[in-house]
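Chemist: Fold the following.
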Amino acid sequence: MTLTLILIAIGALLFLVIVYNILQQYRQKQEAERRTLLLKHKNIINETDELLLHAGQLPYSKALVMMLYNRILSSLHIMRQQDPASTQVKSRTTNIEQQLQQVKEHYQMEQASLQPPESDRQAIHMLKIVKRLRALLRIEHNNGKLGNQTFVIEDRRLELIQLKINLANLTKRAHLALNNKNNPMAHQMLTKGLSVLEQVPDKDEQLKNIEENLQLRLNELNNSQIKVEQEQKARVEEQEKSELDQLFEPKRKW
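Modeler: Purely as a prediction, here's the structure:
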């Protein structure tokens, strides 16, 4: 009887140890998942903050800025659910809510048109930002946080900004080719830019100005080429005339 009780006690103890270990592993798993989730949303906030810093470099619309602030706010709400005691998350949430309200009531773009990049490096950097913004738009739209109409309008705006950056770079390269007397390369670039713009049905004022500028430069290049060809032709004709005059001039008698 005593042996039976001992065996039962040992069995119960082993069962309690197993249950305790299972619960401990479950708690550890939950804590790991909580930390992973907090880290994920902390990264989302940092990445979105970084994109907001470029609002002075690129023309961000009101809808785009609100999307970025709402993305931060959504992550903060999830972080508060996971860590209700965090005063830092609570303070940041209040701050973002205030900034979002300011955007709703007073936001205006610092610049309506794109400032052309000053270098290839800056152009690449700007294109990367636009690419990230378009990716975020798709994510927010797919998650049901952005309406169809807003998504279409904002994605098209960013697509046109990409085009403007590429055209600004192309114009600069064409100008450099002209300075280096590489007219064929300049002609190819100007023609390419105009061909691209011809396919854009919804050009804004800035794109129209770029198109006019490219066409003007191409016309000047064509006129310059025509003038050079005419001068070359005139020189050839003058040379041929001179040779004929020498051929048929009266022979001198010595």
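
Chemist: CA atoms for contacts and neighbours, from now on please.
Modeler: Will do.

Chemist: okay, and for the stretch 151-254 of the chain, where does confidence drop off?
Modeler: Applying pLDDT under 70 to the stretch 151-254 of the chain flags residues 227-254.

Chemist: separation between Gln149 and Arg156?
Modeler: Here Gln149 is placed at a distance of 11 Å from Arg156 (CA to CA, to the nearest Å).

Chemist: ditto for Tyr26
Modeler: 47 Å.

Chemist: one step back: Gln149 and Arg156: which has the busier surroundings?
Modeler: Taking neighbours as other CA atoms under 10 Å, Gln149 and Arg156 compare with Arg156 leading, 14 against 9.

Chemist: tell me which element the more buried one is part of?
Modeler: For Arg156, the host element (DSSP states H and E) is helix 148-179.

Chemist: Name the residues of that helix that are buried.
Modeler: Residues of helix 148-179 classed as buried by neighbour count (16 or more other CA atoms under 10 Å): 151, 154-155, 157-158, 160-175, 177-178.

Chemist: again, but for stretch 107-115
Modeler: Neighbour counts over stretch 107-115 (16+ other CA under 10 Å) mark Ser113, Leu114 as buried.

Chemist: Same check on stretch 140-149?
Modeler: Of all the residues in stretch 140-149, those buried under the rule 16+ other CA under 10 Å are Glu140, His141, Leu146.

Chemist: Stretch 209-224 too?
Modeler: Buried residues in stretch 209-224, counted by 16+ other CA under 10 Å: Ile210, Glu211, Leu214, Gln215, Arg217, Leu218, Leu221.

Chemist: Can you lay out those residues as a markdown table showing distance to Ser195 and secondary structure?
Modeler: Shown next, in a markdown table, are the buried residues of stretch 209-224 (distance: CA to CA, whole Å; DSSP: H, G, I helix; E, B strand; the rest coil):
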| residue | distance to Ser195 | secondary structure |
| --- | --- | --- |
| Ile210 | 12 | helix |
| Glu211 | 10 | helix |
| Leu214 | 11 | helix |
| Gln215 | 11 | helix |
| Arg217 | 14 | helix |
| Leu218 | 12 | helix |
| Leu221 | 17 | helix |
